[in-house]
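Peer 1: Next come a sequence and a model predicted from it.
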Protein chains: 2
Amino acid sequence: MSMDAVFKALADPVRRALLDSLHARNGQTLRELCEGHDMTRQAVTKHLALLQEANLVVTRKQGRDKLHFLNPVPIHDIADRWIGKYERTRLRALADLKKHLEGKRDEK
Amino acid sequence: MSMDAVFKALADPVRRALLDSLHARNGQTLRELCEGHDMTRQAVTKHLALLQEANLVVTRKQGRDKLHFLNPVPIHDIADRWIGKYERTRLRALADLKKHLEGKRDEK
DNA sequence: TTGACAGGCAACCAAATAGTTGCCTATTGT
DNA sequence: ACAATAGGCAACTATTTGGTTGCCTGTCAA
């Protein structure tokens, strides 16, 4: 699964709001997800398409409605594989940062 | 600190590679960070500017060199505040997803 | 069966982004 | 002093992106 698609999908505040909305209440229809967003249904559809490409959202057609479900796995993967890597050596980076700030203070 | 700037900064693979590079060796100059990227120095400068706006990278001028340091705090914050929220209810979302898949199988 | 409602598709538009080139300043080493 | 090196700034271009409008299909309910 392309991690880049997930990062790109998370980059937009509207899309994060859509995830938040599904997080609060899963299985919403397109119309429901449009509420509170000052844009057309088609614009929201496009955002949802990106979320689906990133596998963050999965859908099911039910009658004339389309239900949207949150898939937390890609977020979990990012936390695990990518952020975890930085957390592991966070203290070293912070030490470097401290040294940098001290160096800065030394100047002039 | 604007969380949006951090997400936006992380959305680009070049910028994530720059963070990885600093993660591997902190305090690199602009020229050093340019190595291995098939683009001009100015393009890399622009990427670094976004990383600095997101407070993911901090710099110090040393003579005619500019040293770049990784600041892991914003990444930590995202893991903590944003991803943590999804992790907490991950099992419920996965249960919903399972139900959704079962529902799909029932169709037709 | 027909009107209303949920959603899909495609063309189009404007703004943001990623990149370039050209030229400038500052610092270093000889 | 001066050539080489590190980096900054601004203008320009092309592509991507976020959004719109218009129209179409499918489903439900009266």
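Peer 2: Nice, I can see it.
Peer 1: drop to CA atoms for contacts and neighbour counts, all remaining ones
Peer 2: Noted.
Peer 1: quick one: contacts for the residue nearest to the spatial centre of chain A?
Peer 2: Geometric centre of chain A, nearest residue: A:Leu10, 3.1 Å, by C-alpha atoms, centre = their mean. Neighbour list for A:Leu10: A:16, B:7, B:11 [criterion: C-alpha atoms under 8 Å, 6 or more residues apart in numbering or on different chains].
Peer 1: Let's see that with 7 Å instead.
Peer 2: With contacts defined as C-alpha atoms under 7 Å, 6 or more residues apart in numbering or on different chains, the neighbours of A:Leu10 are A:16, B:7.
Peer 1: what do you get for A:Gln52?
Peer 2: Applying C-alpha under 7 Å, 6+ apart to A:Gln52 gives the contacts A:Val58.
Peer 1: for the host helix or strand of it, what is the average pLDDT?
Peer 2: Per DSSP states H and E, A:Gln52 falls inside helix A:41-53. In this model, helix A:41-53 has an average pLDDT of 98.
Peer 1: Parallel or antiparallel, list what pairs with the next helix or strand along the chain from it.
Peer 2: On the C-terminal side of helix A:41-53, the nearest following helix or strand under DSSP H and E is strand A:57-62. In the sheet, strand A:57-62 lines up against strand A:65-70 (antiparallel) (DSSP bridges).
Peer 1: List of residues touching the partner strand?
Peer 2: By C-alpha under 7 Å, 6+ apart, strand A:65-70 touches A:19, A:22-23, A:26-30, A:56-61, B:93, B:97.
Peer 1: Please repeat the previous calculation with a cut-off of 10 Å.
Peer 2: A:18-23, A:25-33, A:48, A:51-52, A:55-61, B:86, B:90, B:93-94, B:96-97, B:100 (C-alpha atoms under 10 Å, 6 or more residues apart in numbering or on different chains).
Peer 1: now swap in stretch A:20-34 and tell me
Peer 2: For stretch A:20-34, the external contacting residues (C-alpha under 10 Å, 6+ apart) are A:14-19, A:40-45, A:48, A:57-62, A:64-72, B:82, B:85-86, B:89-90, B:92-93, B:96-97, B:100.
Peer 1: Tell me how far it lies from the chain's centre.
Peer 2: Distance of stretch A:20-34 from the chain centroid (C-alpha atoms, centre = their mean, to the nearest Å) equals 15 Å.
Peer 1: give me the low-pLDDT residue ranges for chain A?
Peer 2: Chain A contains residues with pLDDT under 70 at A:1, A:101-108.
Peer 1: can you list the residues of it near DNA strand C?
Peer 2: Residues of chain A lying close to DNA strand C by C-alpha under 7 Å from any atom of the strand are A:29-32, A:42, A:45, A:64-67.
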